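>>> Curious how this folds, go ahead:
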Amino acid sequence: MDLLKNISQDLSPLTWTNAPARWESLPGGGLRIHAPAKTDFFQNPNGDPGSDSAAYLWLPIEGDFVARVRVQPTFTSTYDAGALLVRHDQTHWAKICFEATDFGTHAAVSVVTNGVSDDANGANLDVESLWLQVVRQGNLFGQHYSLNGQSWRMVRYFALPMPPQVNVGLVAQSPIGPGTSVDFNSFSIEPRRVANMRAGI
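Below you'll find the predicted structure:
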């Protein structure tokens with residue numbers, strides 16, 4: 001079920017953390033989130049103060065799942081991104097992003113945080129929008145991207161200790177810039193397992 005298909009002013013059952021000043025529904029279903037300036041989720045491994053400030057729209061999910069969304073960020077500044085985030089608390093979470101990198105590219109980027117954040121750039125992608133996916137089986141997670149929402153490529157496969165219930169949702173971030181907007185479409189979460197965690201299917 002597309003959780004963004006019929007939204008208006010009521011986003012139930014979704015909940016905001018760090019609600020943005022502006023967001024709006026898109027024609028035909030979907031959501032545009034306006035990310036405020038200098039907002040992010042990142043716990044810097046170099047010991048600098050972390051950030052826990054990005055706009056995050058989520059719902060609680062129990063057990064194994066497959067979460068998917070199509071994102072189209074407006075890339076205004078480095079690290080601007082739309083992301084799919086699985087979160088327990090400030091220091092236990094993981095996100096997969098479609099991000100403007102510090103190499104001047106747009107890429108599928110993975111961040112896994114277990115105390116501090118482990119940040120890794122994936123494939124560079126010359127597209128306007130990208131499908132993102134997170135798969136959970138117990139404490140194992142797979143992160144994937146797709147150009148068409150059907151054929152998936154792995155960005156990361158990892159273990160992260162998490163309770164049975166976590167929050168799963170959408171992030172719009174602009175860590176060093178003046179803010180940006182991100183369009184989200186076709187957001188779904190299915191309580192099921194995949195046959196192949198690395199393949200995402």
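>>> which secondary element of the chain has the worst mean pLDDT?
strand 23-25 (a mean of 94; mean pLDDT, DSSP states H and E).
>>> Check which strands are paired with the next helix or strand after that one and give the direction for each one.
Past strand 23-25, further along toward the C-terminus, the next helix or strand under DSSP states H and E is strand 31-35. With DSSP bridges as the test, strand 31-35 is paired with strand 23-25 (antiparallel), strand 180-190 (antiparallel).
>>> Of the ones you listed, which stretch is the most buried?
strand 180-190 (a mean of 21; mean count of other CB atoms under 10 Å). Quick note: C-beta positions are derived from backbone N, CA and C, even for glycine.
>>> And the contacts of it?
Contacts to strand 180-190, defined as CB atoms under 8 Å, 6 or more residues apart in numbering, come from residues 1-4, 26, 29-35, 59, 61, 65-77, 80-82, 129, 149, 168, 170, 172, 174.
>>> Inside strands: which ones of those residues?
31-35, 59, 61, 65-73, 81-82, 168, 170, 172 (DSSP state E).
>>> Tell me the spacing between Val182 and Leu170.
The gap separating Val182 from Leu170 is 8 Å, by CB to CB, to the nearest Å.
>>> who touches both of the two?
What both Val182 and Leu170 touch, as defined by CB under 8 Å, 6+ apart, is the set 33, 71, 82.
>>> pLDDT below threshold where in this protein?
8-9 (pLDDT under 70).
>>> Pick out the residue nearest the middle of it.
For the chain, Leu84 is the residue whose C-alpha lies nearest the centre (CA atoms, centre = their mean; 1.6 Å).
>>> Where does the closest residue to that residue other than its chain neighbours fall, secondary structure wise?
Distances taken as CB to CB, 6 or more residues apart in numbering place Leu132 nearest to Leu84, at 4.5 Å, with adjacent residues excluded. Using DSSP H and E, the element containing Leu132 is strand 130-137.
>>> So what are the sheet partners of that strand and their directions?
strand 65-73 (antiparallel), strand 140-146 (antiparallel).
>>> Report the next helix or strand after the last one in sequence order.
Going back to what we said before, that points to strand 140-146. Using DSSP H and E, the first helix or strand after strand 140-146 is strand 153-159.
>>> right, so of the strands paired with strand 130-137, which gets closest to Trp16?
Closest to Trp16 of the strands paired with strand 130-137, according to CB to CB: strand 65-73, at 16.3 Å.
>>> So which residues make contact with that closest one?
61, 80-84, 86, 98-100, 128-136, 149, 168, 170, 172, 180-192, 194.
>>> what's around the residue lying closest to Gln43 once chain neighbours are set aside, how many residues?
In space, not counting the residues next to it along the chain, Gln43 is nearest to Gly50; the distance is 3.9 Å by CB to CB, 6+ apart. The tally of other residues near Gly50 (other CB atoms under 10 Å) stands at 17.
>>> and Gly50, how far is that from Asn196?
Taking CB to CB, one finds Gly50 at 34 Å from Asn196.
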